[in-house]
Structures are given as C-alpha cells and as structure tokens.
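> curious how this folds, go ahead:
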Amino acid sequence: MPIYRYKVLYVGTNHALAAWLKTALAARDCFLDYCPAAWLARSLLEHDIYYSLCLFDELPDATGAELAAFTRTLANRQSVPLILVKALIKDEAA
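Sure, this is the predicted structure:
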C-alpha cells in the first residue's frame, strides 16, 4: 500500500468530482478521503487524522458552511485550510 505525504478530506455526494480529485491528487503524493455523509465527516474530523485540506460540498443533511463551522469548534482543526464547494445554481428566470 502506498504511503502518501498529504491527505485531503472531501465531503460531498458528487462522485465524479471525488473520482477526479482522487486521480489528480494521487499524482501529487496526496490521498483523498471521500465522505458522502455528514455524520461520517464529523466522526473523521473528531479523530486525530491529519488533513492538509478539507473540501466541504453540499449534502442532503448538512451544508458546507455548517460543516466548516463544526470543524472550527474542534481544537485539532483550528488551522486546517477549508474550502466550501457549491455547484452553480442556474437562474430559471433567465
């Protein structure tokens, strides 16, 4: 099993994005943890797993902003970089 220098957490339900990230990051010595549920993301964040970056997308049961706020309440996650990912919403009136 390869050992990666960096680890990224992606929380969301976009399987295509997760697959693309996994491939792109592996080429840069980085492993992707993929979480399709908020409860699982909260559990991983509460543990002492080191993440170089966290990407939070929208979930059916939580928003990326809610997960970011939760992450900042954890002592071991005060300085981890966070990126909120949100799909563009097309204006139906246009």
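> can you pull out the low-pLDDT segments for the chain?
Within the chain, the ranges that satisfy pLDDT under 70 run 1-3, 87-94.
> max-length helix in this protein?
Ordering each helix of the chain by length in residues (DSSP state H) puts helix 15-26 first.
> give me the next element, helix or strand, following that helix.
Using DSSP states H and E, the helix or strand that follows helix 15-26 in sequence is strand 30-35.
> which parts of that following strand are buried?
30, 31, 32, 33, 34, 35 (16 or more other CB atoms under 10 Å). Any C-beta I mention is one placed from the backbone N, CA and C, and that applies to glycine too.
> does residue 48 sit in a helix, a strand or a coil?
coil (DSSP: H, G, I helix; E, B strand; the rest coil).
> that one and residue 65, how far apart?
For residue 48, the distance to residue 65 (CB to CB, to the nearest Å) stands at 24 Å.
> so for these two, which residue has more residues nearby?
residue 65 (13 against 5; other CB atoms under 10 Å).
> so what's residue 57 closest to, chain neighbours aside?
Spatially, and ignoring its direct neighbours in sequence, residue 57 is nearest to residue 12 (2.7 Å; CB to CB, 6 or more residues apart in numbering).
> correct me, but that neighbour touches residue 37?
No - Residue 12 is beyond contact range of residue 37, at 9.9 Å (criterion: CB atoms under 8 Å).
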